[in-house]
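Chemist: sharing a model prediction with you, sequence too.
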Amino acid sequence: MSDQNPAQLATALVSAFNNNDWDTYRQNLTADSVYDEVPTARTLEGVEAVVEALKGWKEAFPDIKGTVGNAMSTGNTAVLEVSWTGTHTAPMQGPTGTIAATGKQQTTRSAWVLDFDGGKLKQSRQYFDMLSLMQQLGQS
């Protein structure tokens, strides 16, 4: 993936997530990669911590897919607009504790800023609409 521009690299990571391709995802993170999930106030450091957090979303929403609407880059940074759509079929950790499966489908819009170093993801910050997500799950 390293011959691509940051927007292409970032979009490929969304594709790896969509396909549960955790090996590809791991291979495209720096060893000290940091994922800042702004709405949940989680900051995860290191390859395994980042991948495990993403797997957690896939456990709660097994059919979740990200659709990239816009992708742009400057220097080593990419910015994506992503819509995440999936059905909540397993418990998930929410802002106030565990949320039992609701069986409800949701679509949550996000902006994701990704910084690359040598073609690998070094740091990212994902901003998504937590209120909308919770409302769609009947939690607010």
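Modeler: Cool, the structure landed.
Chemist: how close does residue 139 sit to residue 97?
Modeler: As judged by Cβ to Cβ, to the nearest Å, residue 139 and residue 97 stand 11 Å apart. For glycine as for every other residue, the C-beta is placed from the backbone atoms N, C-alpha and C.
Chemist: whoops, residue 25 was the one
Modeler: The value you get for residue 25 to residue 97, if Cβ to Cβ is used, is 28 Å.
Chemist: go on, residue 75?
Modeler: With Cβ to Cβ as the criterion, residue 75 and residue 97 are 40 Å apart.
Chemist: which one's more surrounded, the two?
Modeler: Taking neighbours as other Cβ atoms under 10 Å, residue 75 and residue 97 compare with residue 75 leading, 9 against 6.
Chemist: ok, the spatially closest residue to the more buried one that is not a sequence neighbour - how many residues close by?
Modeler: Counting by Cβ to Cβ, 6 or more residues apart in numbering, residue 75 lies nearest to residue 6, which is 7.7 Å off, once chain neighbours are set aside. Neighbourhood size, residue 6 [other Cβ under 10 Å]: 22.
Chemist: when you give positions from now on, start the count at 26
Modeler: With the count now opening at 26, the last piece we talked about shows up as residue 31.
Chemist: ok, the helix or strand hosting residue 68: who's next to it in the sheet?
Modeler: Element membership for residue 68, per DSSP states H and E: strand 67-70. Neighbouring strands of strand 67-70 in its sheet, by DSSP bridges, are strand 54-62 (antiparallel).
Chemist: of all the residues in the strand it pairs with, which ones are buried?
Modeler: Across strand 54-62, burial judged by 16 or more other Cβ atoms under 10 Å covers 54-55, 58-62.
Chemist: farthest-apart pair in those, please.
Modeler: The largest separation in the buried residues of strand 54-62, counting by Cβ to Cβ, is between 55 and 62 at 17.8 Å.
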